[in-house]
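**Student:** Got a sequence here, can you build the structure:
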Amino acid sequence: MQKPAPRQLTVIDHPLVQHKLTLMRRRDTSSAQFRQLLREISHLLGYEVTRDLPLEPVQIETPLMPMQAMQLSGKKLCFVSIMRAGDGLLQGLLDLVPSARVGHVGLYRDHESLQAVKYYFKMPQALSERLCLVVDPMLATGNSAVAALDVLKEAGAKDIRFLCLVAAPEGVAALTSAHPDVPIFTAALDERLNEKGYILPGLGDAGDRLFGTK
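**Tutor:** Sure thing, here's the model as predicted:
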């Protein structure tokens, strides 16, 4: 049985999100189909994560008359991909917000300790003035997510949200404990982790399924 979702966690249960996630979970879904579905589902998830972005009025001219309309206010968003699987969600989000700045955190999971090891970090300027949306398809142990948020805050980020496709209760607990100020958005809260740190029932290794590797 799933544990109750904490206040910090939002499970996006839109029917189209759940349908596409089911297709992605299937073992026989090809890498090409998986990539396309991940891009499509990231559009839908992106709407939910950004639904409260601040707006400001601006005066424009339509083909018929002047009017006051609304546009996004403040610094451009920053999408932060936890490499490499995060790039699958990143592309769909950039379809929605092409002007967003992009950062990358390179982390790999040590298979013995299950701890995250950083090998790359590159961010745009003025992180403290931007909403930073950190993306990674799987929130499993939570070690990579916690490490990514640690270095992001060290670089100056203050307004952060975390978006994943599937989360495990263990990963949610780890992330909320380490970073209680960061909201988590996901399409599914699954049952548990197995002894190797993979989410059950999950969908396998998102990076391998995305890029066709083993």
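**Student:** And residue 44, how far from residue 68?
**Tutor:** Distance, residue 44 to residue 68, using CB to CB, to the nearest Å: 30 Å. In short, each C-beta sits where N, CA and C put it, glycine included.
**Student:** counting residues per helix, which one in the protein is longest?
**Tutor:** Determined from DSSP state H, the single longest helix within the chain is helix 31-49.
**Student:** which other residues reach that one?
**Tutor:** 10, 12, 14, 16-17, 20-21, 23-24, 29, 88-93, 95-97, 133, 135, 137, 161, 163, 165, 185, 187, 206, 209-212 (CB atoms under 8 Å, 6 or more residues apart in numbering).
**Student:** Please say which of residue 44 and residue 68 ends up with more neighbours.
**Tutor:** residue 44 (19 against 8; other CB atoms under 10 Å).
**Student:** before we move on, the earlier item: now the longest helix of the chain: how far from the chain's centre is it?
**Tutor:** Distance, stretch centre to chain centre, for helix 31-49: 11 Å (CA atoms, centre = their mean, to the nearest Å).
**Student:** buried set for it?
**Tutor:** 34-42, 44-46, 48-49 (16 or more other CB atoms under 10 Å).
**Student:** Sheet partners, orientation included, of the longest strand anywhere in the chain?
**Tutor:** Ordering each strand of the chain by length in residues (DSSP state E) puts strand 101-109 first. Strand pairing for strand 101-109, determined by DSSP bridges: strand 78-83 (parallel), strand 116-122 (antiparallel).
**Student:** buried sites along it?
**Tutor:** Those would be 101, 102, 103, 104, 105, 106, 107, 109, for strand 101-109 by 16+ other CB under 10 Å.
**Student:** shaky segments in this protein?
**Tutor:** Within the chain, the ranges that satisfy pLDDT under 70 run 1-6, 109, 114.
**Student:** which stretches of it form strands?
**Tutor:** 9-11, 55-61, 66-72, 78-83, 101-109, 116-122, 131-135, 138-139, 159-163, 166-167, 184-186, 188-189, 192-193, 199-200.
**Student:** Rebuild these as a markdown table, extending it with distance to residue 173.
**Tutor:** Below are the strands of the chain laid out as a markdown table (distance: least, CB to CB, whole Å):
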| stretch | distance to residue 173 |
| --- | --- |
| strand 9-11 | 10 |
| strand 55-61 | 35 |
| strand 66-72 | 33 |
| strand 78-83 | 19 |
| strand 101-109 | 18 |
| strand 116-122 | 16 |
| strand 131-135 | 18 |
| strand 138-139 | 10 |
| strand 159-163 | 14 |
| strand 166-167 | 10 |
| strand 184-186 | 11 |
| strand 188-189 | 11 |
| strand 192-193 | 11 |
| strand 199-200 | 13 |
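**Student:** which of the ones you listed sits most buried?
**Tutor:** Highest mean neighbour count of those: strand 138-139, a mean of 26 (counted as mean count of other CB atoms under 10 Å).
**Student:** circling back to that earlier point, can you state the direction angle for the longest strand of the chain and strand 131-135?
**Tutor:** On the basis of axes from the mean of the first three to the mean of the last three CA atoms, to 10 degrees, strand 101-109 is oriented at 40 degrees to strand 131-135.
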